[in-house]
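Enquirer: sequence isn't available, so here's the structure alone:
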């Protein structure tokens, strides 16, 4: 009986803690988190930050909530995080693609905006580190007060945007520019120059692997292998297509070429596959 009571007491205790865990109360955050992604030109810009509100407080001032000349996490809670999918320039300062923790030093006439390689959400861990880049934001005034802090992209063009930090009646603006013309021109040159050797190899391999037109598969793969520097795996595929077509003499010649290239590259797997195929096809 005592053992039964002990077991029942244990179950009751477990049930109590389970109910206690489920009964946790959630309340709205004082500074809600925000995540926005904006395409600028061909570059994706993602901003993750928290949005505090004024709540009748003075924000940017010598004695404000965010004092002039002091490092600010640029929001609330964790450090503001910005991610760029490509290299960009920020108010003329080059910035490599990647994720950054953003700290700012607001001033009456300009802001210093620091971009640190992102490590964690702890903003204080960046304060004593040297940023990857520092840009200067220009300051302008709104004719009204904005209650809740926002980081905003505006004045979008085909290759640029204004990156704006807005709160109270202050707007701090960075000019964000992306490399569009260079990327588009390079793509135009590549496409109009026609398929590459690798494109032909990929198309031919698909035709062979899918059991489609072997003549066409061979034609495309040979556009890759009949170059100054064919790869051993490309010539190996050529030999397989030739064998599938019953052209074993030609398949052996291609396999020997692949074997030579694989030997020079030190690839044991292709050396074995080619030797096995040569031995097999010589019996046919």
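Expert: That came through fine. Model, not experiment: these values are computed from the prediction.
Enquirer: so what's residue 105 up against?
Expert: Contacts for residue 105 (CB atoms under 8 Å, 6 or more residues apart in numbering) come out as 69-72, 111-112, 114. All C-beta spots, glycine's among them, are computed from the backbone N, C-alpha and C.
Enquirer: just the buried residues of the residues you listed.
Expert: 71-72, 111-112, 114 (16 or more other CB atoms under 10 Å).
Enquirer: state the distance from the residue nearest to residue 84 when sequence neighbours are not counted to residue 43.
Expert: Leaving aside its chain neighbours, residue 84 sits nearest to residue 97 (5.1 Å; criterion: CB to CB, 6 or more residues apart in numbering). Using CB to CB, to the nearest Å, residue 97 is found at 8 Å from residue 43.
Enquirer: how about residue 90?
Expert: Taken as CB to CB, the span from residue 90 to residue 43 is 12 Å.
Enquirer: now do the strands in the stretch 51-200 of the chain.
Expert: In the stretch 51-200 of the chain, the segments counted as strands under DSSP state E, counting those that start in this stretch are 60-61, 66-67, 80-84, 88-90, 93-95, 98-105, 110-117, 133-154, 160-178.
Enquirer: please report phi then psi for residue 275.
Expert: Dihedral pair for residue 275: phi -60, psi -40, per degrees, to the nearest 10.
Enquirer: can you pull up the most central residue in this structure?
Expert: residue 85 (5.3 Å; CA atoms, centre = their mean).
Enquirer: give the contact list for it.
Expert: Contacts for residue 85 (CB under 8 Å, 6+ apart) come out as 43-45, 97.
Enquirer: give me the buried subset of those.
Expert: Buried positions within the contacts of residue 85, assessed by neighbour count (16+ other CB under 10 Å), are 43, 45.
Enquirer: tell me the one of the contacts of residue 85 nearest residue 247?
Expert: Lowest distance from residue 247 to these (CB to CB) belongs to residue 97, with 48.3 Å.
Enquirer: secondary structure element for residue 39?
Expert: Per DSSP states H and E: residue 39 is located in strand 33-40.
Enquirer: buried sites along that strand?
Expert: Residues of strand 33-40 classed as buried by neighbour count (16+ other CB under 10 Å): 34, 38, 40.
Enquirer: what's the nearest residue to the second one once chain neighbours are set aside in contact with, if anything?
Expert: It refers to residue 38. Leaving aside its sequence neighbours, residue 38 sits nearest to residue 153 (CB to CB, 6+ apart; 4.5 Å). By CB under 8 Å, 6+ apart, the residues touching residue 153 are 38, 40, 45, 161-164, 176.
Enquirer: residue 68 too?
Expert: Contacts of residue 68 by CB under 8 Å, 6+ apart are 60-62, 106-108.
Enquirer: neighbours around residue 103, how many?
Expert: 23 (other CB atoms under 10 Å).
Enquirer: what do you get for residue 127?
Expert: Residue 127: 13 neighbours (other CB under 10 Å).
Enquirer: before we move on, what about residue 56?
Expert: Burial measure for residue 56: 6 neighbouring residues, criterion other CB under 10 Å.
Enquirer: which residue ranges of the chain form helices?
Expert: Assigned by DSSP state H, the helices in the chain fall at 2-22, 181-192, 197-209, 214-225, 232-244, 248-265, 268-281.
Enquirer: and of those helices, who's closest to residue 55?
Expert: It is, among those and with distance given as CB to CB, helix 2-22, at 32.4 Å.
Enquirer: and the strand holding residue 39, what does it pack onto?
Expert: Applying 3 or more CB pairs under 8 Å, 6 or more residues apart in numbering; DSSP states H and E, we find strand 33-40 packed against strand 43-50, strand 133-154, strand 160-178.
Enquirer: could you give the angle of the shortest one to strand 98-105?
Expert: Comparing the axes of strand 43-50 and strand 98-105 via axes from the mean of the first three to the mean of the last three CA atoms, to 10 degrees yields an angle of 50 degrees.
Enquirer: strand 43-50 to strand 160-178, inter-axis angle?
Expert: With the same axes, to 10 degrees defining the directions, strand 43-50 sits at 120 degrees from strand 160-178.
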